[in-house]
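1. Structural data only, the sequence is not supplied:
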């Protein structure tokens with residue numbers, strides 16, 4: 001109770017200070033009317049629950065009721081402060097919010113096609129997304145993240161890019177959502193400081209848990225986008241409980257090997273055009289998940305690669321699993337790095353190394 005009493009005035013002070021750019025504020029009684037007393041539940045997560053609602057205007061909305069606030073209300077402030085100031089076709093719009101002491105809610109436009117994670121795995125049916133549509137969705141997501149990084153008055157780093165946080169409207173236009181972990185910085189900041197990493201394993205950039213890789217920057221979002229793009233291209237999730245040797249194969253390495261050997265990574269038959277689209281997405285994804293943040297492209301470059309011709313793309317070096325791993329046993333590292341920069345041949349990683357360091361890699365990255 002004391003913690004909430006100390007937290008509430010801080011949030012109220014923030015809301016009053018930024019009232020000019022914030023969306024409509026609703027009372028908790030308004031929220032109950034909008035949701036018909038929380039009649040239609042759409043989903044539930046660690047943040048709380050989401051309900052379907054209707055405004056007096058007749059517009060359908062999704063109302064996220066936050067559970068007991070954590071981080072002294074910082075997630076709530078981050079969400080309201082971030083989405084309240086931006087407007088982009090590929091970023092979810094915050095219609096309103098509720099702050100009534102312990103009662104906190106966020107109101108968004110309703111997205112009838114749900115989140116992207118429900119469409120990653122290919123399924124026959126009316127709402128099945130083909131590779132062309134999946135490619136279009138990836139372009140929209142890239143545009144949304146590019147906007148956050150470079151086209152706002154502040155640099156917005158999302159820090160939780162994953163399929164669950166990409167919402168799809170009635171036309172399957174993607175909307176980047178859930179800014180609870182987002183951070184705002186001046187556009188001239190190249191690196192930032194984080195006190196704790198709270199991103200989702202499997203999409204979390206390695207510099208967030210390995211200190212000797214490089215500084216934390218917008219390239220962390222690029223990495224997360226790359227892991228998600230790989231799932232979209234392969235039409236399978238990073239985690240596949242039914243895959244053989246599910247604890248043995250690192251997903252990016254599996255994709256890289258299939259790409260190099262020109263094998264298909266889909267579970268369905270595809271045309272030549274669809275195969276080329278998938279291959280392009282995989283190549284771009286592999287660039288995005290390079291271990292060193294400096295080797296990853298910006299989202300502007302990612303968008304250019306996804307929109308360009310596949311013949312213009314070069315296959316990147318094979319993804320490394322661990323910062324200090326040896327590229328090739330008994331080979332001078334300096335010479336090997338020179339070879340990597342001038343040749344398309346990439347050294348393989350020994351199976352003994354993978355076994356030795358398997359416990360240092362998030363299990364959500366294995367297939």
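-> Nice, I can see it. Predicted model, so just to flag it, every value in this text is computed and none were measured.
2. Residue 294 falls within a strand, correct?
-> No - read with DSSP: H, G, I helix; E, B strand; the rest coil, residue 294 is helix and lies in no strand.
3. ok, the closest residue to residue 220 other than its chain neighbours - contacts?
-> Distance criterion C-beta to C-beta, 6 or more residues apart in numbering; nearest residue to residue 220, sequence neighbours excluded, is residue 205 at 3.8 Å. C-beta: built from backbone N, CA, C; applies to glycine. Contact analysis of residue 205 by C-beta atoms under 8 Å, 6 or more residues apart in numbering lists 199, 216, 219, 220, 221, 222, 223, 224, 293.
4. Of those residues, which one scores lowest on pLDDT?
-> The member of the contacts of residue 205 with the lowest pLDDT is residue 199, at 58.
5. now, which of the contacts of residue 205 lie within strands?
-> Among the contacts of residue 205, none falls in strands (DSSP state E).
6. What strands line up against the helix or strand hosting residue 63, and which way round?
-> Residue 63 is part of strand 60-66 when elements are defined by DSSP states H and E. Neighbouring strands of strand 60-66 in its sheet, by DSSP bridges, are strand 48-54 (antiparallel), strand 103-109 (antiparallel).
7. Any idea what residue 50 is bridged to?
-> With DSSP bridges as the rule, residue 50 is bridged to residue 43, residue 64.
8. how far away is it from residue 214?
-> Here residue 50 is placed at a distance of 36 Å from residue 214 (C-beta to C-beta, to the nearest Å).
9. counting contacts, what elements does the host helix or strand of residue 257 pack onto?
-> For residue 257, the element it lies in under DSSP H and E is helix 251-260. Helix 251-260 is packed against helix 219-234, helix 272-288, with contacts defined by 3 or more C-beta pairs under 8 Å, 6 or more residues apart in numbering; DSSP states H and E.
10. how big is the angle separating the longest helix along the chain from helix 219-234?
-> Counting residues, the longest helix found in the chain (DSSP state H) is helix 131-150. Inter-element angle recorded for helix 131-150 and helix 219-234: 180 degrees (by axes from the mean of the first three to the mean of the last three C-alpha atoms, to 10 degrees).
11. What's the mean pLDDT across stretch 102-118?
-> 91.
12. Quick one: end-to-end distance for that stretch.
-> 32 Å (C-alpha to C-alpha, to the nearest Å).
13. Please tell me how far residue 152 sits from residue 100.
-> 29 Å.
14. That should have said residue 213, apologies.
-> According to C-beta to C-beta, residue 213 stands 43 Å off from residue 100.
15. now do residue 226
-> Residue 226 is 40 Å from residue 100, by C-beta to C-beta.
16. Please say which of these two ends up with more neighbours.
-> With neighbours defined as other C-beta atoms under 10 Å, residue 226 and residue 100 compare such that residue 226 has more, 26 against 15.
17. residues contacting the more buried one?
-> 284, 285, 286, 287, 288, 289, 296.
18. how about JSON lines for these, with distance to residue 26 and pLDDT added?
-> Shown next, in JSON lines, are these (distance: C-beta to C-beta, whole Å; pLDDT from 0 to 100):
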{"residue": "284", "distance to residue 26": "41", "pLDDT": "96"}
{"residue": "285", "distance to residue 26": "40", "pLDDT": "95"}
{"residue": "286", "distance to residue 26": "45", "pLDDT": "94"}
{"residue": "287", "distance to residue 26": "43", "pLDDT": "95"}
{"residue": "288", "distance to residue 26": "39", "pLDDT": "96"}
{"residue": "289", "distance to residue 26": "41", "pLDDT": "94"}
{"residue": "296", "distance to residue 26": "40", "pLDDT": "96"}
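19. Identify, from those residues, the entry nearest to residue 25.
-> Proximity of these to residue 25 was ranked by C-beta to C-beta; the top entry is residue 288 with 38.0 Å.
20. Can you tell me how far that closest one is from residue 210?
-> For residue 288, the distance to residue 210 equals 17 Å [C-beta to C-beta].
21. cool, residue 26 as well?
-> Distance, residue 26 to residue 210, using C-beta to C-beta: 43 Å.
22. Show me the strands in the chain, by range?
-> Assigned by DSSP E, the chain shows strands spanning 24-26, 41-45, 48-54, 60-66, 94-100, 103-109, 155-157, 166-168, 174-176, 183-185.
23. Indicate which one of those is closest to residue 121.
-> strand 166-168 (14.9 Å).
24. so what secondary structure elements neighbour that closest one?
-> Using 3+ C-beta pairs under 8 Å, 6+ apart: strand 166-168 touches helix 131-150, strand 174-176.
25. For residue 255, find the nearest of those.
-> Comparing those by C-beta to C-beta, helix 131-150 comes nearest, at 15.1 Å.
26. now the closest one: mean pLDDT?
-> Helix 131-150 comes out at a mean pLDDT of 95.
27. In terms of secondary structure, what does that helix contact?
-> Using 3+ C-beta pairs under 8 Å, 6+ apart, helix 131-150 is in contact with strand 155-157, strand 166-168, strand 174-176, helix 219-234, helix 272-288, helix 299-307.
28. residues of that helix that come out buried?
-> Of the residues in helix 131-150, 131, 134-138, 140-149 count as buried by neighbour count, 16 or more other C-beta atoms under 10 Å.
29. could you give the angle of that helix to helix 272-288?
-> Counting by the same axes, to 10 degrees, helix 131-150 lies at 30 degrees to helix 272-288.
30. how big is the angle separating helix 131-150 from helix 299-307?
-> 170 degrees.
31. Among the helices and strands packed on helix 131-150, which comes closest to residue 184?
-> For these, proximity to residue 184 was assessed by C-beta to C-beta; strand 155-157 is nearest, at 5.6 Å.
32. The closest one pairs with which strands?
-> strand 183-185 (antiparallel).
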